[in-house]
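**Student:** Give me a model of this one.
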Amino acid sequence: MNVAGERVAIHGVAHGGDGVGKADADPRTWLVAGALPGETVIAARSETRPRMIRGHSLEVVTPSEARVPAPCAVAGTCGGCGWQHVRPDAQARLKRDIVEGLLRRFEHPAITVVASPAALGYRRRARMHFEHTRAGLQLGFFGRKGVVDTPDCVVLDGPLRHAFAQLRTLADVLPAHGEVHAISDGARAVLGVASSSDALGQRVPLPPLRGDATSALTRILDDVLVGVIAPGLAVGVTTLAIDGAGLEDMSIRTGPFAFAQAQAAQNAALVAEVQDAAGRGHRRGLELYAGSGNFTRVLAPLCRTLEAVELDPGGANNLQAMAARLGVRGGRVQVRRESATSTLARAAAAGEQFDLVVLDPPRGGLGLKAAKDLAKVASGRVIYVSCDPATLARDLVVLTATRRIGRITAFDMMPMTPEVEVVVSLV
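**Tutor:** Below you'll find the predicted structure:
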């Protein structure tokens, strides 16, 4: 069946990477997947609303100079990357435009963009899905119609590509479906097999591994794939030390299920930006969503005392170990295992004050109630690290009522995707 298309002129880029445009005879705004600013495309509608139309590109009539052939064979079907068709040096500029568009309501200085030093082979952390089909084991990212088999993902670093290739040799051991989490330190990799989620986001219990799983997993270990974790068993190494360059013995000890930034080089730049934006001489600091201590290790020397807050048990344990190492070097870090919202509500009720607050929340952001509590307890500088500029903009409505934006830096942390990491300093 032929799908009718409409001619749409693309003039901008939206949060999520879709092209923003207008059709010839329709005043509504179009969001077109796969389209780039400056292009004219023939697009098919997938959703129509009173003020907006969503669609996907059927044909590029006038291509942008930023459009290039995708380096990946499954681009367009795999759900792992959405910008394989965008020239790497243009991706950072487009990400700045995304941030600029979402923060246009606020007065702020020019946005600094830190481009990625590599567009391919950079990714050290990944989560792939697997399922058995009539065609055999499908191991890759979710596309529109299920798992897209990705035998050699071009954005993964060498150790992760090797680790996933090794796992493919054990298709008979893996259950019907599940997830594989992976972490690399640049030379070695560790995998973690876990349950998956259904279409509603509910976790589906992982069926047991088949046969003598321990022996099978042990056989695939080598100098690169050094460990595998699965429910009820672990073989080889279960954690790796990452992000220690330039920070002496302050590397992060982490496993495949813990959060880590996807790229080592850009994470080092991100940590340096937070350190520089924080400044020195703080009496009392507060770090929210501290994770395993990625920022804690550079914030502790800047504060007389630092309270680091993390709810996740694994992250809190890693953070506690980091605090102990910092304590040996004179850093005073108090670890709190509780939610950031609980910490802020308690501190606001008690009238506590912090002259430095750093937060790195998940995609959902801080939330308006917690942002109001933060505004009460922050007597000095606030540094907000965000992986979602839309929720960042929502929270800034509250935070900019009592302070101004001093600087904004956007990091192209994940090339070939529209994802962007933003650091906002509020003074």
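**Student:** Please, which helix or strand holds residue 287?
**Tutor:** For residue 287, the enclosing helix or strand under DSSP states H and E is strand 282-288.
**Student:** Please save the CA atoms from the helix or strand following that strand in CSV.
**Tutor:** Using DSSP H and E, the helix or strand that follows strand 282-288 in sequence is helix 296-299. As requested, C-alpha coordinates have been extracted for helix 296-299 and formatted as CSV (Å, rounded to 0.1, in the frame of the first residue of the first chain):
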residue,chain,number,x,y,z
THR,A,296,32.6,13.5,44.7
ARG,A,297,36.4,13.0,44.2
VAL,A,298,36.9,16.5,42.8
LEU,A,299,34.3,18.3,44.9
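**Student:** quick one on the thing from earlier: direction included, what does the strand holding residue 287 pair against?
**Tutor:** Within its sheet, and counting by DSSP bridges, strand 282-288 is paired with strand 303-309 (parallel), strand 354-359 (parallel).
**Student:** okay, those strands in JSON lines with distance to residue 205 next?
**Tutor:** (C-beta placed from N, C-alpha, C; glycine too.) Written out in JSON lines, the entries for these read as follows (distance: least, C-beta to C-beta, whole Å):
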{"stretch": "strand 303-309", "distance to residue 205": "31"}
{"stretch": "strand 354-359", "distance to residue 205": "34"}
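**Student:** returning to that earlier point: the strand holding residue 287 - what's its average pLDDT?
**Tutor:** Across strand 282-288, the average pLDDT comes to 98.
**Student:** what does stretch 194-211 give?
**Tutor:** Taken as a whole, stretch 194-211 has an average pLDDT of 76.
**Student:** Next: stretch 53-73.
**Tutor:** Averaging pLDDT residue by residue across stretch 53-73 gives 95.
**Student:** now it, how far from the centre of its chain.
**Tutor:** 24 Å (C-alpha atoms, centre = their mean, to the nearest Å).
**Student:** distance between the ends of it?
**Tutor:** Taking C-alpha to C-alpha, to the nearest Å, the span from the opening residue of stretch 53-73 to its closing residue is 29 Å.
**Student:** returning to what we had before: dump the strands paired with strand 282-288 to a markdown table, plus mean neighbour count.
**Tutor:** What follows is these, written out as a markdown table (neighbours: other C-beta atoms under 10 Å):
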| stretch | mean neighbour count |
| --- | --- |
| strand 303-309 | 21 |
| strand 354-359 | 24 |
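**Student:** mind giving me CSV with those and columns for mean pLDDT and distance to residue 264?
**Tutor:** Supplementary listing: those in CSV, determined by pLDDT from 0 to 100; distance: least, C-beta to C-beta, whole Å:
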stretch, mean pLDDT, distance to residue 264
strand 303-309, 97, 22
strand 354-359, 98, 21
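**Student:** wait, which of these is closest to residue 296?
**Tutor:** Among the strands paired with strand 282-288, the nearest to residue 296 by C-beta to C-beta is strand 303-309 (5.0 Å).
**Student:** Give me the next element, helix or strand, following that closest one.
**Tutor:** Proceeding C-terminally, strand 303-309 gives way to helix 313-328 as the next helix or strand, assigned by DSSP H and E.
**Student:** In terms of secondary structure, what does whichever helix or strand comes after that next one contact?
**Tutor:** Toward the C-terminal end, the helix or strand that comes next after helix 313-328 (DSSP H and E) is strand 333-336. The elements that strand 333-336 packs onto, with contact taken as 3 or more C-beta pairs under 8 Å, 6 or more residues apart in numbering; DSSP states H and E, are strand 303-309, helix 313-328.
**Student:** Kind regards, and thank you for your time.
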